[in-house]
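**Student:** Sequence first, then the predicted structure:
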Amino acid sequence: PLLAGALLTLVLAITGGAFALGLSFGRGTDTALARSRHWMNILVAQREQLDGIRARMQARARALAIQVGGLQADMLRLDALGQRLTAMAGLSPRTFDFRRTPALGGPDTDAPGAQPGMPSIAMLLGRLQDRINLRRSQLAALENVILS
């Protein structure tokens, strides 16, 4: 009976110790799991923010592309006006060639159907500015010829 009691006490002590040790390790796992979930939630929120920013930037790029398209249409009308004034003044179309576009350089990297990006819009604006400058000087020279 004494040996059985000591053995039972030893088994209970080992079992209780193992239980307490398991609880201690379990708390650490719960904390690590909670931290992992916390960081996962932060990453998901940041990904959603990034997707929102990307969508807004694409919408702005599309809006700018539409504006550039409108400016290019205005340039076509100015070119037509320049051609008509040249003809009305009786000048050779080669003297003031409003059909000619300014020389352009660089590789054409835009894929067909691709969404406009900020660099391609900036390039379009640069080309449009060159064209405006050329037309301004041509129209000023044409004005001088007509008024002379």
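**Tutor:** Right, received. Where do you want to start?

**Student:** Quick one: the strands in this protein, in order.
**Tutor:** Counting by DSSP state E, the chain has no strands to list.

**Student:** Low-confidence bits of it, can you list those?
**Tutor:** 1, 25-30, 101-119 (pLDDT under 70).

**Student:** Would you map the helices across this protein?
**Tutor:** 2-88, 118-147 (DSSP state H).

**Student:** can I get these in a markdown table with distance to Thr95 and mean neighbour count?
**Tutor:** No exception for glycine: its C-beta is placed from N, CA and C like everyone else's. Output for the helices of the chain, formatted as a markdown table (distance: least, CB to CB, whole Å; neighbours: other CB atoms under 10 Å):
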| stretch | distance to Thr95 | mean neighbour count |
| --- | --- | --- |
| helix 2-88 | 7 | 11 |
| helix 118-147 | 8 | 14 |
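
**Student:** how about those in a markdown table, adding distance to Phe96?
**Tutor:** Shown next, in a markdown table, are these (distance: least, CB to CB, whole Å):
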| stretch | distance to Phe96 |
| --- | --- |
| helix 2-88 | 5 |
| helix 118-147 | 5 |
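
**Student:** which parts of stretch 85-103 are buried?
**Tutor:** 85-86, 96, 98 (16 or more other CB atoms under 10 Å).
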